[in-house]
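*Asks:* quick one, structure for this:
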Amino acid sequence: MKLLLKIALRNILRNRRRSLMTGSAVAAGALATLLFGGFAFYIFAGLETNNVQRIGHLTVFRAGYFLFGAGNPAGYGIERYHDVMTLIGNDPVLQPMINVITPTQSLLGIAGNFSGDNDASKTFIGVGLIPSNRQRMRRWDELRTGSIPPADSRLSDQDETRGLIGFGLARILGLCRALALQNCPSVPELPESADKPSPVLNEDLGELARRDRGGNSAGAPHIELLAATVGGAPNVVSLTVSGAEPQAVKELDDNYIAMPLPLAQQLVYGRGEHKVTGIEIQLHRSEDLRVARARLNTLIRDNHLDLDVRDFAELTPFYGQAVRLFSVIFLFIALVMGVIVLFAVVNTMTMNVMERTNEIGTIRAMGVRRGGIRWQFVAEGWLIGAIGASLGAALAFMIAALVNRAGLTWVPPGNANPVPLHLAVIGSPALVIAVWIGLVLVATVAALLPANSAARLSVVDALRHV
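*Replies:* This is a model prediction of the structure:
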């Protein structure tokens, strides 16, 4: 084998220009495939990190909420949720896996701003959460994407009246100036001739708000939230707006409100039993997701609980769609690069066979069998593929390192704020090995057709070939 590779290397060096061009084609294929593969892997890691930071790996709901609860979150509350959290948190199997376990409350309603001359109201989609647990979840970065949001003190466990709203909702409610938001236009004055919306709803909501605040409208900007309780009665609370947080999707940005869990429960359940719509569980490692989910289902079944478990991929379909999209693009690029390498190696090996026909006849006359001729050309194709793929991988490592150190940022899918741009090539050994083996195999298979042609040459015809 060593002698065969030595002879193959000498034959490659006999026509350096042709071998260089073929090897360059293989290197270019490896470089392009690895760079895009590293970018795709970084996209996957970024999407997973973003979702896990927001909603954790797993969420426990009341049975039926996933399919029907969006229209009536209060009707699918988890009763005695503290007992459920204790059951999960103290389980000997789950306890070592869990990083954060926290309750959340989803709610729908109408938000209104009646502190200025231009009263405005808007439907909202809200979430009640534990601010300290939110901060802990946002620090999760097992995949080392570098996209850890800075510490945010605008939500606090000690002040249950402060909340955050979407950037778009702040614009609609006319809070741009009060919150000192940049690139946020104020609500324009409507001309006298323009048709204005009916003020009945705003007057009713404003009156409820004044009763709730006791007529005091001084201090930080605030909005009033109106929602129906579980029993169907209207309920209103006042929320002090401590800031605006842009959301990745405009529809969510125009409707989003985050508030402490007790305030959300007060709005939804009033004086009744306070429940939650979900119990979010963030694990230390994503690799434990399947085991943790299976254990949760076992606990639910053994304790006869009317609960359901969903992972972050089910709750955010965009994650799966993006992963499939970039996977298909990666396979398409890999296929194109493979076809280019295939034709380049076939062309080079075919030219080598034509130029060395007399040589083939001579060594056949000396006793070398057809298999020996075939293996000689296959070894040359393998060697060109190995050298080219190794060179392409080395270049990919260098370019990825330069990009990762350049401090570039961008806004990926599912994010509202810029994050560091990385190419996950060095940290993906499986990708590098798969691309290297794939291109070497393509080069080896491409050499088979010319090698078979060389092996089938007649000795007499080969010796008298001009």
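
*Asks:* hey, let's count contacts and neighbours off CA atoms from now on
*Replies:* Noted.

*Asks:* would you indicate which residues of stretch 75-93 are buried?
*Replies:* Within stretch 75-93, the residues scored as buried using 16 or more other C-alpha atoms under 10 Å are 75-78, 81, 84-85, 88-89.

*Asks:* TSV for these, including secondary structure, pLDDT and distance to Leu173?
*Replies:* Formatted as TSV, the buried residues of stretch 75-93 follow (DSSP: H, G, I helix; E, B strand; the rest coil; pLDDT from 0 to 100; distance: C-alpha to C-alpha, whole Å):
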residue	secondary structure	pLDDT	distance to Leu173
Gly75	helix	82	28
Tyr76	helix	89	30
Gly77	coil	91	30
Ile78	strand	93	32
Tyr81	helix	94	34
Val84	helix	95	38
Met85	helix	96	37
Ile88	helix	96	41
Gly89	helix	94	41
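
*Asks:* max pairwise distance over those: which two?
*Replies:* Gly75 and Gly89 (25.3 Å; C-alpha to C-alpha).

*Asks:* follow-up on the earlier one: make JSON lines out of the buried residues of stretch 75-93 and add distance to Met349.
*Replies:* As requested, the buried residues of stretch 75-93 are exported to JSON lines (distance: C-alpha to C-alpha, whole Å):
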{"residue": "Gly75", "distance to Met349": "71"}
{"residue": "Tyr76", "distance to Met349": "69"}
{"residue": "Gly77", "distance to Met349": "70"}
{"residue": "Ile78", "distance to Met349": "69"}
{"residue": "Tyr81", "distance to Met349": "70"}
{"residue": "Val84", "distance to Met349": "68"}
{"residue": "Met85", "distance to Met349": "67"}
{"residue": "Ile88", "distance to Met349": "64"}
{"residue": "Gly89", "distance to Met349": "64"}
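
*Asks:* closest to Arg54 out of those?
*Replies:* Using C-alpha to C-alpha, the buried residues of stretch 75-93 come closest to Arg54 at Met85, 18.6 Å.

*Asks:* now the host helix or strand of Asn452: how far from the chain's centre is it?
*Replies:* Assigned by DSSP states H and E, Asn452 belongs to helix 429-455. With C-alpha atoms, centre = their mean, to the nearest Å as the basis, helix 429-455 stands 33 Å off its chain's centre.

*Asks:* in that helix, what's buried?
*Replies:* Quick answer for helix 429-455 (16+ other C-alpha under 10 Å): 431-432, 435-436, 438-452, 454-455.

*Asks:* what's the answer for stretch 37-46, then?
*Replies:* 37-46.

*Asks:* same check on stretch 273-285?
*Replies:* Counting neighbours by 16+ other C-alpha under 10 Å, stretch 273-285 gives 274-284 as buried.

*Asks:* strands of the chain, start to end?
*Replies:* 58-62, 98-113, 120-129, 162-165, 222-228, 234-244, 256-260, 278-283, 307-311, 409-410, 419-420 (DSSP state E).

*Asks:* strands paired with the last one, and their directions?
*Replies:* Spelled out, it's strand 419-420. The pairing partners recorded for strand 419-420 under DSSP bridges are strand 409-410 (antiparallel).

*Asks:* where does pLDDT dip in the protein?
*Replies:* By pLDDT under 70, the low-scoring segments of the chain are 1, 116-118, 187, 189-219, 358, 364, 414, 455, 460-466.

*Asks:* walk me through the domains of it.
*Replies:* 2-48+320-463, 64-305 (automatic domain parsing).

*Asks:* ok, back up a step: which of the buried residues of stretch 273-285 sit farthest apart?
*Replies:* Greatest spacing in the buried residues of stretch 273-285, by C-alpha to C-alpha: His274 and His284 (29.2 Å).

*Asks:* redo the buried residues of stretch 37-46 as CSV? Include distance to Val425.
*Replies:* Output for the buried residues of stretch 37-46, formatted as CSV (distance: C-alpha to C-alpha, whole Å):
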residue, distance to Val425
Gly37, 7
Gly38, 5
Phe39, 8
Ala40, 10
Phe41, 8
Tyr42, 9
Ile43, 12
Phe44, 13
Ala45, 13
Gly46, 15
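
*Asks:* so which of the residues you listed are in helices?
*Replies:* Under the assignment DSSP state H, the buried residues of stretch 37-46 contribute 37-46 to helices.

*Asks:* show the contacting residues for the closest residue to Met337 other than its chain neighbours.
*Replies:* Take Met337 and drop its neighbours on the chain: the residue closest to it by C-alpha to C-alpha, 6 or more residues apart in numbering is Gly29, 4.9 Å away. Contacts for Gly29 (C-alpha atoms under 8 Å, 6 or more residues apart in numbering) come out as 334, 337-338, 340-341, 389, 392, 439.
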